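> build me a model from this:
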Amino acid sequence: MRDEKRGISKDIQKEIKFLINSDNRLKILECLFSSPQTIKSIQAQTDINLSSISININDLEKNGFITIKNDVIRLTNNCKLLLINIYNLNDTINLVNDNKDFLNTHMVKNYQFRGLSDLSQLKGCKLVESTAYDVFKTTRIIKDLALSSKSSKTIFPYMHPQLIEMLDYWAENDVDVKLILDEKVSHLFRDAIKEYGSLKGNISVKTISRKIEFALAVTENKMFLGLYKDDGKFDYNAVYISEDLEAINWANNVFREYEYMSEDYEVIK
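Just a heads-up that it's a prediction; the model follows:
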């Protein structure tokens, strides 16, 4: 069953990348999403040259995203569901366009949660990247988020380099902290706690057996999301952040789904 789920995730990722790796294809899909079209009507609405439309239509038909009958082009039901559930096209076309280069080089998988089907809720997110002049920009964003909240729910695939400062703040301000960590990071965290000494605070940890392939944190008024690159390495230099309520709700939903898949909470002292 696990292998089947992995296969589904790879198929979804492949379909996403196929649909978003061409500006012209996105414009054609947007037309077809509204109603069936002919090649000429697509050309009139998009100003894409007929040769490019024909090539993309052929590719879409070959991959099972459209059907053609009497020169009328329609999205298949599966394609409509894909666009609604993954893109929620009406709300996220700008998000996808603005971030297609980033998404095409990162692992956009299902991760066993419905995050992709709720992608529209991330439309208020901002992509923040480190620069040669500020290489610790994203690390600082994560720390500042932890040091400015009354509650924090976090899923981490790595140990934050400023953990001790975060622990001090959590303890001094009695922050309600919930952490979900994979087994390796969980062991490292516990070792850090032992070196830290007695911990007065409300910090609870869940350990999950599977490898975590993203980073997520959500507080009462902000969220951030980090992704792995296609080479299998976590991207420490780019994160999505948002204060938008929909994005915060999305992050809370993802966190709850991972809570269900993890062991019981252990209060860290």
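
> which parts of the stretch 1-150 of the chain are helices?
All helices of the stretch 1-150 of the chain, identified by DSSP state H, counting those that start in this stretch, fall at 2-20, 23-34, 39-46, 50-62, 77-82, 89-104, 137-146.

> and the third one, what does it pack against?
This means helix 39-46. If contacts are counted by 3 or more CB pairs under 8 Å, 6 or more residues apart in numbering; DSSP states H and E, helix 39-46 sits against helix 23-34, helix 50-62. Glycine gets a C-beta too; all of them are placed from N, C-alpha and C.

> my guess is residue 31 meets residue 47, correct?
No. Applying CB atoms under 8 Å as the test, residue 31 and residue 47 come out as separate, 11.5 Å apart.

> neighbour-wise, which of those two wins?
residue 31 (20 against 8; other CB atoms under 10 Å).

> distance of that one from residue 57?
Look at residue 31 and residue 57: by CB to CB, to the nearest Å, they are 11 Å apart.

> and the residue nearest to residue 152 when sequence neighbours are not counted, bridged to which residues?
Residue nearest to residue 152 in three dimensions, not counting chain neighbours: residue 177, with 5.0 Å by CB to CB, 6 or more residues apart in numbering. Beta-bridge pairing for residue 177 (DSSP bridges): residue 152, residue 203.

> any idea how many residues pack against residue 177?
For residue 177, the neighbour count with other CB under 10 Å is 22.

> wouldn't it be in contact with residue 150 here?
No. Using CB under 8 Å as the test, residue 177 is too far from residue 150 to be in contact (10.2 Å).

> all helices for the stretch 151-269 of the chain, in order.
163-172, 183-196, 245-260.

> could you dump those to JSON lines with distance to residue 25 and mean pLDDT?
Shown next, in JSON lines, are the helices of the stretch 151-269 of the chain (distance: least, CB to CB, whole Å; pLDDT from 0 to 100):
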{"stretch": "helix 163-172", "distance to residue 25": "43", "mean pLDDT": "83"}
{"stretch": "helix 183-196", "distance to residue 25": "39", "mean pLDDT": "83"}
{"stretch": "helix 245-260", "distance to residue 25": "26", "mean pLDDT": "88"}
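
> what would the ones you listed look like in CSV with distance to residue 143 and mean neighbour count?
Converted to CSV, those look like this (distance: least, CB to CB, whole Å; neighbours: other CB atoms under 10 Å):
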stretch, distance to residue 143, mean neighbour count
helix 163-172, 6, 16
helix 183-196, 15, 14
helix 245-260, 18, 17
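
> nearest approach to residue 66 belongs to which of these?
Taking CB to CB, helix 245-260 is the member of those nearest to residue 66, at 29.7 Å.

> what stretches of the protein score poorly on pLDDT?
1-13, 85-100, 103-104, 107-120, 197-201, 269 (pLDDT under 70).

> let's go with 80 and repeat that
Counting by pLDDT under 80, the chain shows low-confidence ranges at 1-17, 19-21, 81-124, 132, 164, 193-201, 210-211, 230, 262-263, 267-269.
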